[in-house]
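J.: when you get a sec, could you give me coordinates for this:
(2 chains)
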Protein chains: 2
Amino acid sequence: MTPPAVILVRPQLAENIGMCARAMMNFGLSEMRLVSPRDGWPKKGARQASSGASAVLDNAKLFETTEEAIADLNYVFATTARERGQMKDIFAADEGAQKMQALAGEDARSGILFGPERMGLSNDDVALADAIISFPVSPAFTSINLAQAVLLVGYEWWKLISGGKAPIAPTRTSPPATREHMLAFFDYVEKELDAVSFFYPPEKREVMVRNFRNIWHRLEMTEQDVQTMRGAVASLVGARQGTRFKRD
Amino acid sequence: MTPPAVILVRPQLAENIGMCARAMMNFGLSEMRLVSPRDGWPKKGARQASSGASAVLDNAKLFETTEEAIADLNYVFATTARERGQMKDIFAADEGAQKMQALAGEDARSGILFGPERMGLSNDDVALADAIISFPVSPAFTSINLAQAVLLVGYEWWKLISGGKAPIAPTRTSPPATREHMLAFFDYVEKELDAVSFFYPPEKREVMVRNFRNIWHRLEMTEQDVQTMRGAVASLVGARQGTRFKRD
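T.: Numbering: from 1, shown residues only, chains lettered A, B, ... in the order given. Just a heads-up that it's a prediction; the model follows:
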């Protein structure tokens, strides 16, 4: 399954090209195409800004025109924040990623056009595309920089094809406590609390105990939690020291 | 409904703080908190890098410790790429945004901790949080820069509260063509094509016509499309007037 190609049309700063390469590698994209970079190619400054994503830069393909850059593709997206007056399908980034995934599944090759930093894609560039991708942003501040646009598209692509879950697993060092151990814990703690008349007055005891147990239930205690809390209570009670106080 | 606060813990470069402010404004976040910025605050370089998002910088609150920065919040997320050995809930960015939205709906105030550029949050910082947010990234290249992390969280937040659709509306300059106009168009074009024996041989004509009409159906033609195509056909036929060939 071939991921989409990232096509930078007339990019201006080498540093931004490098940052795009990095954003691509964060999200499993590796094919970069450059259309007529303003300052030529290769260009120093891109490599350093790529923060280790130089493989993408080394394999980037150079083209003179957008037409040539997309010639072998089956479907092309154009990213833009501005309405262009052209009748094209418009996708948010996640919808675009779904389309890319479907195309990849059919062995169709897709590419995404990103325009020059200052002015974005020309209307002629947009006309070459099959569809537009536009990012949902606050109308108060719509400007996203080039590498960030590549990042957002890559992010939605990776979420789809990887399943989109957080990459770190929760730490589970102890299994959930058995019901038996929970009840034994409750019995112990409540006994000690009764010894100091915590659940007072007596007519409210039943409700107070229920509320008290509900706190511990919400915790979803592990075996270790039960042991820790039991030990804390035992220390507080100072059972071994025999220093108990009872409210009259 | 109060959006979450973005808390930069011991951020290093003023330029990155500025880029975070910009990323925040892209996605409707306005409350920035700074914990002990390495080079002090305010700091030149932040403003320019914010590309117009200086309102966020001007309103940023300064704190000496992470504890102080989160004191008034009801729920805190810590962003990290590394497993920390602490038993905490772990959310991908979109799941975290759902939690933030739910909290905001309950009038609970949430905040997200982002660590220093080079080393990320300390284990003590993470310990202060209620839950972890970790971004789904390619294991080949997990490092996302500070402003990009803020961008991704903001992006998922904005998608949720705005509905997440592309912010530009499709251009629809002409309504869909009526069935009557479509059929009249088909009759006209097929008449002209029959005149040059396009649907040949006769025994295949029915299938060829059906396939031909299906192309136009897939187009979902507007009234304008029909007029344009009809005019194109008329021009082509008119140019050949007097030069018609019939296959025997």
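
J.: all contacts plus neighbour counts: C-alpha atoms, from now on.
T.: Fine.

J.: gap between A:K204 and B:S143?
T.: Per Cα to Cα, to the nearest Å, A:K204 is found 55 Å from B:S143.

J.: so the two - more neighbours on which side?
T.: B:S143 (17 against 10; other Cα atoms under 10 Å in any protein chain shown).

J.: assumed the more buried one was part of a helix.
T.: No. Per DSSP: H, G, I helix; E, B strand; the rest coil, B:S143 lies outside any helix segment and is coil.

J.: quick one: it and A:N26 touch, right?
T.: Yes. Using Cα atoms under 8 Å, B:S143 is in contact with A:N26, at 7.1 Å.

J.: where along chain A do the helices fall?
T.: A:14-26, A:46-49, A:54-58, A:66-70, A:93-105, A:123-127, A:146-162, A:179-195, A:205-219, A:223-237 (DSSP state H).

J.: let's have those in TSV, adding distance to B:A184.
T.: TSV is the format used below for these (distance: least, Cα to Cα, whole Å):
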stretch	distance to B:A184
helix A:14-26	50
helix A:46-49	58
helix A:54-58	53
helix A:66-70	36
helix A:93-105	34
helix A:123-127	29
helix A:146-162	43
helix A:179-195	76
helix A:205-219	69
helix A:223-237	77
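
J.: please work out which of those is packed deepest.
T.: Ranked by mean neighbour count, those are led by helix A:14-26 with a mean of 26 (mean count of other Cα atoms under 10 Å in any protein chain shown).

J.: just the angle between that helix and helix B:146-162, please?
T.: On the basis of axes from the mean of the first three to the mean of the last three Cα atoms, to 10 degrees, helix A:14-26 is oriented at 60 degrees to helix B:146-162.

J.: what residues does helix A:14-26 touch?
T.: By Cα atoms under 8 Å, 6 or more residues apart in numbering or on different chains, the residues outside helix A:14-26 that reach it are A:11, A:30, A:32, A:39, A:43-54, A:56-57, A:146-148, A:150-151, A:154-155, B:137-144.

J.: off-centre distance for that helix?
T.: Relative to the centre of its chain, helix A:14-26 is centred 18 Å away, using Cα atoms, centre = their mean, to the nearest Å.

J.: kindly report the same for stretch A:200-208.
T.: 48 Å.

J.: on that earlier part again, export the helices of chain A to JSON lines and tack on mean pLDDT?
T.: Shown next, in JSON lines, are these (pLDDT from 0 to 100):
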{"stretch": "helix A:14-26", "mean pLDDT": "96"}
{"stretch": "helix A:46-49", "mean pLDDT": "92"}
{"stretch": "helix A:54-58", "mean pLDDT": "96"}
{"stretch": "helix A:66-70", "mean pLDDT": "96"}
{"stretch": "helix A:93-105", "mean pLDDT": "96"}
{"stretch": "helix A:123-127", "mean pLDDT": "94"}
{"stretch": "helix A:146-162", "mean pLDDT": "97"}
{"stretch": "helix A:179-195", "mean pLDDT": "94"}
{"stretch": "helix A:205-219", "mean pLDDT": "93"}
{"stretch": "helix A:223-237", "mean pLDDT": "91"}
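
J.: I'd like to know which of these lies nearest to B:A108.
T.: Shortest distance between B:A108 and the helices of chain A, using Cα to Cα, is found for helix A:205-219: 19.0 Å.

J.: using CSV, write out the CA atom coordinates for the closest one.
T.: What follows is helix A:205-219, C-alpha atoms only, in CSV (Å, rounded to 0.1, in the frame of the first residue of the first chain):
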residue,chain,number,x,y,z
ARG,A,205,-23.6,5.3,59.6
GLU,A,206,-25.1,3.2,56.8
VAL,A,207,-25.1,5.9,54.3
MET,A,208,-21.7,7.1,55.3
VAL,A,209,-20.2,3.7,54.9
ARG,A,210,-21.8,3.3,51.5
ASN,A,211,-20.4,6.6,50.3
PHE,A,212,-17.0,5.7,51.8
ARG,A,213,-16.8,2.4,50.0
ASN,A,214,-17.9,4.1,46.8
ILE,A,215,-14.7,6.3,46.8
TRP,A,216,-12.6,3.2,46.9
HIS,A,217,-14.7,1.5,44.2
ARG,A,218,-14.1,4.5,41.9
LEU,A,219,-10.4,4.0,42.3
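
J.: nearest residue to A:R205 other than its sequence neighbours?
T.: Closest residue in space to A:R205, ignoring its immediate chain neighbours: A:F199 at 5.1 Å, by Cα to Cα, 6 or more residues apart in numbering or on different chains.

J.: wait, what's in contact with that neighbour?
T.: A:193, A:205, A:208-209.

J.: show the backbone phi and psi for it.
T.: phi -90, psi 80 (degrees, to the nearest 10).

J.: ok, the closest residue to A:D130 other than its chain neighbours to B:A21 distance?
T.: Leaving aside its sequence neighbours, A:D130 sits nearest to A:V76 (Cα to Cα, 6+ apart; 5.3 Å). A:V76 sits at a distance of 32 Å from B:A21 (criterion: Cα to Cα).

J.: equivalent analysis for A:A93, please.
T.: 22 Å.

J.: before we move on, what about A:I161?
T.: A:I161 is 30 Å from B:A21, by Cα to Cα.

J.: check contacts around A:P116.
T.: Applying Cα under 8 Å, 6+ apart, the residues contacting A:P116 are A:8-12, A:146.

J.: spatially, which two of those residues are the most separated?
T.: Farthest pair in the contacts of A:P116, by Cα to Cα: A:R10 and A:L146, 11.6 Å.

J.: what number of residues lie near the closest residue to A:P175 other than its chain neighbours?
T.: Distance criterion Cα to Cα, 6+ apart; nearest residue to A:P175, sequence neighbours excluded, is A:T222 at 5.4 Å. Using other Cα under 10 Å, the number of residues around A:T222 comes to 18.

J.: wait, A:E31 touches A:L62, no?
T.: No. The criterion here is Cα under 8 Å, and A:E31 misses it with A:L62 at 11.5 Å.

J.: take the contacts of A:F199 and write them to TSV, including distance to B:V226.
T.: Formatted as TSV, the contacts of A:F199 follow (distance: Cα to Cα, whole Å):
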residue	distance to B:V226
A:L193	84
A:R205	81
A:M208	76
A:V209	77
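
J.: identify, from these, the entry nearest to chain B.
T.: A:M208 (25.1 Å; Cα to the nearest Cα).

J.: check contacts around that closest one.
T.: With Cα under 8 Å, 6+ apart, A:M208 has these contacts: A:F199.

J.: one step back: mutual contacts of A:R10 and A:L146, please.
T.: Contacts common to A:R10 and A:L146, judged by Cα under 8 Å, 6+ apart, are A:115-116.

J.: before we move on, the earlier item: pick the one among the contacts of A:P116 closest to A:R172.
T.: The closest of the contacts of A:P116, once distances to A:R172 are taken by Cα to Cα, is A:L146, at 40.2 Å.
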